[in-house]
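1. got a predicted model here, sequence first, then my questions.
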Amino acid sequence: MTPLVNPPRKSIHQIDARTKKRNAAEARFKAYGLAAITLGLFFLVVLFTTIIKSGLPAFTRTAVAVEMTLSPADHAAAEKQLMKTGAYQKLFVAAVQQQLRIDATDDAIQRLLGKVGGDIRAFYKENPSMIGKAHVFTLSASSRVDAYLNGKLTRETLVDSRFMQLSDLDLVDGLVDAGIIQSTFNWGFITGADSGVDNPGGAGIGASVVGSFYMMLVVLVLSLPIGVAASIYLEEFAPQNKFTDLIEVNISNLAAVPSIVFGILGLAVFIQFMHLPQSAPLVGGLVLTLMTLPTIIISTRAALKAVPPSIRDAALGLGASRTQAVFHHVLPLAMPGILTGTIIGLAQALGETAPLLLIGMVGFVARGYPTGLLDGFTEANSAMPAQIYTWAARADSAFYDKAWGGIIILLAFLIVMNIVAIILRRRFERRW
Amino acid sequence: MNTNHILSSFDRDLEGVQAHLMKMGGLVEAAIHDAANALENGDTELAEKTRKADRNIDALDELINEEAARLIALRAPTAIDLRLALSVLKISASLERIGDFAKNMAKRSLIVNAQSPVDGVPQTVRRMARLVEKMLADVLDAYMRRDDTLAAAIIQDDEDVDQMYNGLFREILTFMMEDPRSISACMHYHFMAKNVERMGDHVTAIAEQVIYLTTGQTPGAQRETRDLTSIEPALSAPEDK
Amino acid sequence: MKDNRIVERDVDNADIRINAKGVNVFYGDSHAIKDVSVDIPANAVTAFIGPSGCGKSTFLRCLNRMNDTISICRVTGDILLDGEDIYDKRVDPVQLRAKVGMVFQKPNPFPKSIFDNVAYGPRIHGLANTRAELNEIVESALRRAAIWDEVKDRLDAPGTGLSGGQQQRLCIARAVATAPDVLLMDEPCSALDPIATAQVEELIAELAENYAVVIVTHSMQQAARVSQKTAFFHLGSLVEFGETGQIFTNPKDPRTESYITGRIG
């Protein structure tokens, strides 16, 4: 062995080349990290501003507010018509004409309105006492008016069609001046259900939110206990052998299986074989449970592994049985980790679209709220991501705004879920 | 057994304290030798030198005590190391006592040399001293070699010293009865003989420490004392001539 | 007044609590413990010393069947607790571990209150019928572990908030609370500072009046300080077992001598 010889002493006030190089490398690395974070933040900001900018129009709606008095005779006449809503629509057009100071044809006004006849009819059906009395209706304008007022449609880009003509825009301006056309908050978007392809103004996401909620309920109730039970068994009780190794590998593989595979599996097993109702949140929940389970199992096992073995030793050393050790000590300590894994799994499931499309939970089936508390599981409904997909795929560009708005609601739903999880985790979290 | 500690500084400490002990042993051997020679040859200068040299022995004893205390405090020795530390303390104490006896001998030889010597007695004392000197050399050797057989033999050798002392005791007694003028010198000779006999006992104690160090057992059965002067009335009360 | 020195040297005549004969332990193919026979006396401290990996901890964990939790571990030979084979088919390890308590290297209180830590054992074994009884058990266990005065005013505080030494004494209190016959301690002071170590050692000495204490330690000085009997393990074998004073002043086996004087690791 060669003896270690100290090199001649140098002042520590002088920084040598090697140290300089290392310091430079460190500074460079810090800069890279900072750059990466800045880039990430930049994209996040871009993403959020885009989402909010594009999505906000969905929350406002351009409405036509007009006072209308329906005489009993008109009511009776309209009810006799074959196209009842059409008749109401005509009555409303007449009311608009009455309040309008400028000239306009009925057709032109008709073009500016959304499908409002149904709303009027529904109002009088619910409030028959209002017949013969004056009432201010605030009803949707057509999506073209919306687009014009939002600046998406200009006089230059407008192409005359049966939906809108250049001259109509003058009318719109006039109506805005007269205070008949106004912008209001679109409660209907948050509370409503999907509308027809020709009525973007009436489209709402409420029904899909309920669908997603029921689905998440199914996923949570099924995947959390099953996942945690499976993890506890695998981690704490299962003998280490080839068989458990195989299970382990398969669980890891399942986590990587594309979601569409689970969708087609759900279609084949739950709907075609087990004859569960189509488009039902129950089936959606079952499919998403299958998808979420591997995530929950993997994260739960990691959480269980992270509990110091000394805690198990302590419990076993006191004469606690395996089960007691796990349920009294290990599981409570692993709970925060398990919750984190669960919330990640649920968030993933919440945003999943592909499998839902395969089992029929497409947007347009979300035509209304479930009729009962339990019916919510079995009645056809959609889910938020499927709804968003459906809207984005529709021809009318007004649905595009709705899709963005839907994404805001989806994110809000996710944030609420996360907050609940964080609160729960706080309550479980303990110091070692 | 592996002889080296994992911690080499521990070995160095042990070696250091033992080296000092050996040095002390050498000085004590020389002191016995010189004291005996000074007595036999009436060498006042040598006697004076021997008396002064005891200071070095005492200093070494102090040093060894200090080193052994440090060793025990800092190294927390166990088993063989503990026995070594303990035996070093005891051996150094014995050597120090032997040194004191040698010094005392040298002091007394200065006094007796000034008076008329008694024939034959200094030679016998010297012979005794030689024997003890050899025993001391042997016991230090046994210590270095961790030789408990040799140490046991040395304990037996002490009997010879005791025998010689018993003989000398009678001789001195006779001289004193024959010529009361020699009583003063004879008393000094007797003390010197007693010193040498005590040296022998201390060498025995060192030999016992060697056995303890090597085997971990203190030699159990106490050797019968051969200094009969204190128990035999025939010796303590001499018969009339 | 009794002469402690005589009491300490008198352990050979004491009752034998655990009697191990020809114990072998295998981890899969490796032979971890080779034919070890040891008699653990009652009311005394027995120390297991030896270099790392010599099998002392493994052997200790055989005494309350903590090795059962390792699936590839196999134990042969007889270990008798008060004359009864603890590896008998009729023995439930859960019940055994209540009789043979264990304290671990790292203080490992549950992340619960001090009270709940101590009360856990009595609760799962049903040692207390009423709240008052439970309080009494907890108090006496904490008193026995010489920590009562330090924690009596904050029994609801988390056990993990105590200092390292206090935590370890809390763990000892927790083990004592199940009324064991034997206390196994696996390097109980290795994570503690000297003052806390001294407190735990004093506690061990007190505990030995009521329990058979077996302690595994890396510190030979600690073994020398607290134990009456010492067993030296080397490469899975029991090299020497005897009275502590004898082991530390005059060991019979050269391997023991080499180890305790610091000549082999």
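-> Yes, it's here. Numbering: from 1, shown residues only, chains lettered A, B, ... in the order given.

2. going forward, measure contacts between C-alpha atoms and count neighbours the same way
-> Noted.

3. report the contact partners of the spatially most central residue of chain B.
-> Centroid check for chain B by C-alpha atoms, centre = their mean gives B:Met199 as the closest residue, at 3.1 Å. With contacts taken as C-alpha atoms under 8 Å, 6 or more residues apart in numbering or on different chains, B:Met199 has the following neighbours: B:97-98, B:101, B:132.

4. three-state assignment of it?
-> helix (DSSP: H, G, I helix; E, B strand; the rest coil).

5. just the buried positions in the helix or strand containing A:Ala302, please.
-> In this structure, A:Ala302 sits in helix A:281-306 according to DSSP states H and E. Along helix A:281-306, these residues count as buried under the neighbour rule (16 or more other C-alpha atoms under 10 Å in any protein chain shown): A:281-304.

6. can I get the contacts of B:Met199 in TSV including pLDDT and neighbour count?
-> Rendered in TSV, the data for those read as follows (pLDDT from 0 to 100; neighbours: other C-alpha atoms under 10 Å in any protein chain shown):
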residue	pLDDT	neighbour count
B:Arg97	95	20
B:Ile98	95	28
B:Phe101	94	25
B:Val132	94	29
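
7. sec struct for the most centrally placed residue in chain C, please.
-> For chain C, C:Leu184 is the residue whose C-alpha lies nearest the centre (C-alpha atoms, centre = their mean; 1.9 Å). Look at C:Leu184: counting by three-state DSSP, its state is strand.

8. whichever helix in chain A runs longest packs against which elements?
-> Once chain A is assigned using DSSP state H, the helix that runs over the most residues is helix A:17-55. For helix A:17-55, the packing partners by 3 or more C-alpha pairs under 8 Å, 6 or more residues apart in numbering or on different chains; DSSP states H and E come out as helix A:398-428.

9. which stretches of chain B form strands?
-> Read by DSSP state E, chain B holds no strands at all.

10. if you rank every helix and strand of it by mean pLDDT, what lands last?
-> Scoring the helices and strands of chain B by mean pLDDT, DSSP states H and E places helix B:233-236 at the bottom, with a mean of 51.

11. what about stretch C:66-86, start to end distance?
-> 12 Å (C-alpha to C-alpha, to the nearest Å).

12. average pLDDT for that stretch?
-> Stretch C:66-86 shows an average pLDDT of 87 in the prediction.

13. which other residues reach that stretch?
-> Residues from elsewhere that reach stretch C:66-86 (C-alpha under 8 Å, 6+ apart): A:239-240, A:316-317, C:16-28, C:35, C:58, C:61-64, C:87, C:96.

14. so how many other residues sit close to the nearest residue to B:Leu21 once chain neighbours are set aside?
-> Among residues not flanking B:Leu21 along the chain, B:Ser92 sits closest, at 6.5 Å (C-alpha to C-alpha, 6 or more residues apart in numbering or on different chains). By the other C-alpha atoms under 10 Å in any protein chain shown criterion, the neighbourhood of B:Ser92 contains 26 residues.

15. pLDDT wise, what is B:Ser92 at?
-> In this prediction, B:Ser92 carries a pLDDT score of 96.

16. again with B:Asp240
-> pLDDT, B:Asp240: 42.

17. now for the helix or strand following the longest helix of chain A, which elements pack on it?
-> The C-terminal neighbour of helix A:17-55 among helices and strands, as given by DSSP H and E, is strand A:60-69. In this structure, strand A:60-69 packs against helix A:84-99, strand A:134-140, helix A:143-149, strand A:181-185, with contacts taken as 3+ C-alpha pairs under 8 Å, 6+ apart.

18. which strands or helices does the helix or strand that the shortest one is followed by pack on?
-> When you say that, I think you mean strand A:181-185. Toward the C-terminus, strand A:181-185 is succeeded by helix A:187-191 as the next helix or strand (DSSP H and E). For helix A:187-191, the packing partners by 3+ C-alpha pairs under 8 Å, 6+ apart come out as helix A:206-232.

19. by how many degrees do the helix it packs on and helix A:281-306 diverge?
-> Here helix A:206-232 points in a direction 40 degrees away from that of helix A:281-306 (axes from the mean of the first three to the mean of the last three C-alpha atoms, to 10 degrees).

20. run the chain-centre distance for the following helix or strand past helix A:206-232.
-> Helices and strands here follow DSSP H and E; after helix A:206-232, the next one along the chain is helix A:242-255. Using C-alpha atoms, centre = their mean, to the nearest Å, we find the averaged C-alpha position of helix A:242-255 to lie 32 Å away from the chain's own average C-alpha position.

21. can you tell me the residue of chain B closest to chain A?
-> Sorted by distance to chain A under C-alpha to the nearest C-alpha, the residues of chain B start with B:Ser8, at 17.0 Å.

22. how about the residues of chain B by chain C?
-> Among all residues of chain B, those adjacent to chain C (criterion: C-alpha under 8 Å from any C-alpha of the partner chain) are B:1-7, B:77-83, B:215-216.

23. now do the same end-to-end measure for stretch B:108-128.
-> For stretch B:108-128, the end-to-end distance is 16 Å (C-alpha to C-alpha).

24. who's in contact with that stretch?
-> Taking contacts as C-alpha under 8 Å, 6+ apart, the residues outside stretch B:108-128 that touch it are B:35-40, B:42, B:44, B:47-48, B:161, B:164-165, B:168, B:172, B:182, B:185-186, B:188-189, B:192-193, B:196-197.

25. any idea how far chain B is from C:Thr46?
-> 18 Å (C-alpha to the nearest C-alpha, to the nearest Å).

26. for that residue, the count of nearby residues, please.
-> When counting by other C-alpha under 10 Å, one arrives at 28 neighbours for C:Thr46.

27. likewise for B:Gln156?
-> Summarising burial for B:Gln156: neighbours were counted as other C-alpha under 10 Å, giving 13.

28. do C:Lys252 as well
-> With neighbours defined by other C-alpha under 10 Å, the count for C:Lys252 comes to 16.

29. name the nearest residue to it, ignoring sequence neighbours.
-> Nearest non-adjacent residue to C:Lys252 (C-alpha to C-alpha, 6+ apart): C:Glu240, at 7.5 Å.

30. show residues contacting whatever helix or strand the one you found lives in.
-> Under the criterion DSSP H and E, the helix or strand holding C:Glu240 is strand C:237-243. Outside strand C:237-243, the residues within contact range by C-alpha under 8 Å, 6+ apart are C:9, C:11-12, C:33-38, C:54-55, C:228-233, C:247, C:252-253, C:255-256.

31. of these, buried ones?
-> C:11, C:33-38, C:54-55, C:228-233, C:247, C:252, C:255-256.
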